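Trainee: how would this look folded up:
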Amino acid sequence: MEYVILFFIGICATTLGTLAGGGGLISLPVMLIMGIPVHSAIAANKVSNTVSSFSSFFYLLKKKEISLKECYWIIPVSICGGITGGVIASWISGKNMYIVAIVLLIFAFIVSFIGKGNFTGEKPLIFNKISAPGLYSIGIYDGLFGPGQGTLMLYLFGFLNIAYIRAVGMVRLATFSSCFGAAITYIATGKVIWPVTLALLLGSLTGAQIGVRIAQKLKPQYVKPILRIVTAALIVQIFIENVL
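Mentor: Below is the predicted model of the structure:
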């Protein structure tokens, strides 16, 4: 029964994560409630996210919604950001990490009402003074803490006037890049409980395919309201669990 629950958790979390980020809102708290050790719960999420994010990216690549030539550079930038974040994390206390997360999410929430980006544009993703530092900074955040990484990245792509479906594909590529190294680390250190991880992974693969198909049909004007709801939920969750 536990594995069936994990399968459906994977579906729900990854569907949400594909559309607006914040899939960890669902998966991590429920897994902890189920009594799964925290490191093993995180490991299961990293392994399943590595596979599911690549599957949704590959689907969009195959459908020619995105071009690898346009976004390949996301991979090294995200990996470098994740490594930097991991190093910085060793210097910052846990409480300060939570404060950083809340400040960043509140900033993104406010900017969503000010910014003009609405995911209807057809501009290409270009390596420049905004996109590269932005992706690198979010990579640092992902390595430092993590929750809301996909949501913050969608805000960035919206600001850059990237069409929503292409933004989803790029976020999934970045998520694959940042999770891959973490997944290898968790596997190497023996933190992975494989039956738990495989059940979540199968659900995540299903959720990734559901999410990416919904994203293809989602009207751009609905994207920002969904992002704002997810952002607010992330802020509340992090505040309640780690600040109060």
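Trainee: Only the buried residues of stretch 2-9, if you could.
Mentor: For stretch 2-9, a neighbour-count test (16 or more other Cβ atoms under 10 Å) marks 6-7, 9 as buried. Yep, even glycine has a C-beta here, placed from its N, CA and C like the rest.
Trainee: distance between it and the chain's centre?
Mentor: 20 Å (Cα atoms, centre = their mean, to the nearest Å).
Trainee: which other residues reach it?
Mentor: Stretch 2-9 is contacted from outside by 26-27, 30-31, 34, 195-196, 199-200, 202-203, 206, using Cβ atoms under 8 Å, 6 or more residues apart in numbering.
Trainee: secondary structure class for residue 65?
Mentor: coil (DSSP: H, G, I helix; E, B strand; the rest coil).
Trainee: same question, residue 121
Mentor: Residue 121 - assigned by three-state DSSP - is coil.
Trainee: can you give me the helices in the chain?
Mentor: Listed in chain order, the helices of the chain (DSSP state H) span 2-20, 24-33, 38-62, 68-71, 74-89, 94-114, 131-144, 149-159, 164-188, 194-217, 223-242.
Trainee: How about residues contacting the fourth one?
Mentor: What that stands for is helix 68-71. Contacts for helix 68-71 (Cβ under 8 Å, 6+ apart): 61, 124-125, 169-170, 173.
Trainee: Going by neighbour count, which residues in that helix are buried?
Mentor: Buried positions in helix 68-71, judged by neighbour count with 16+ other Cβ under 10 Å: 70-71.
Trainee: Highest neighbour count among the contacts of helix 68-71?
Mentor: Neighbour tally across the contacts of helix 68-71 (other Cβ atoms under 10 Å): the maximum, 29 neighbours, falls on residue 169.
Trainee: That one reaches residue 60, doesn't it?
Mentor: Yes - assessed by Cβ atoms under 8 Å, residue 169 is found in contact with residue 60 at 3.9 Å.
Trainee: overlap in contacts of those two?
Mentor: Counting by Cβ under 8 Å, 6+ apart, the residues touching both residue 169 and residue 60 are residue 66.
Trainee: The lowest-mean-pLDDT helix or strand in the chain: which residues count as buried?
Mentor: In the chain, no helix or strand scores lower on mean pLDDT, DSSP states H and E than helix 94-114, which sits at a mean of 75. Residues of helix 94-114 classed as buried: 97-102, 104-105, 108-109, 112 (neighbour count, 16+ other Cβ under 10 Å).
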